[in-house]
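Student: Starting from these lines, generate the structure:
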Amino acid sequence: MRTLLLRQRQILLFIIAGGLSAIVEIGSFKIFSVYLPQIITSETNFHGIHFPLSNVFSTTCGILTNYFLSIWFVFERGKHSKKKEFAYFMFVSFFSTILSLSFFQIFFRFVFTDHFDAGFFVFSQEILSKISAILLVSILNYSVKKRVIFNG
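Tutor: Next up, the predicted model:
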């Protein structure tokens, strides 16, 4: 019973850490996607890739936030050294970033073709795509981080 409660607690903490990281990532994406196109005009559509730098920069902000929240609140240190743990985390995050960027492009081009008006807030096509990509990739992230990086 204790193990089940501990596991549920860890999943809840992972969701909270992921939510906070997502807020950082989505917020920084919004900032980057508004201001970078003013500096780099091809940012909105770089050879068919929409908002590439905004995605990379915001994902980096989210990854770093998630790493620190993960080691402070979610997972106990594993059997790896801090350097090795960080390297594994960054490798998994790099792979997750590639997946997230790919899902973003798919959602942006094919799924969310217009904005969504929730009454109190309008979700743009970019934000809907970003949120969906984050949710999809976060499921994979939990399992890999739990089993490989912070495996005790």
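
Student: Off-centre distance for stretch 128-147?
Tutor: On the basis of CA atoms, centre = their mean, to the nearest Å, stretch 128-147 sits 7 Å off its chain's mean C-alpha point.

Student: Show me what counts as buried in that stretch.
Tutor: If you call a residue buried by 16 or more other CB atoms under 10 Å, then stretch 128-147 has these buried ones: 128-134, 137-138, 141-142, 144-146. (Glycine included, C-beta is placed from N, CA and C.)

Student: could you pull out the helices for the protein?
Tutor: Counting by DSSP state H, the chain has these helices, from start to end: 2-39, 52-69, 82-106, 125-144.

Student: Serialize those to TSV and add fields for mean pLDDT and distance to His115.
Tutor: TSV is the format used below for the helices of the chain (pLDDT from 0 to 100; distance: least, CB to CB, whole Å):
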stretch	mean pLDDT	distance to His115
helix 2-39	83	13
helix 52-69	87	17
helix 82-106	85	16
helix 125-144	84	6
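
Student: Figure out which of these is closest to Glu76.
Tutor: helix 2-39 (9.1 Å; CB to CB).
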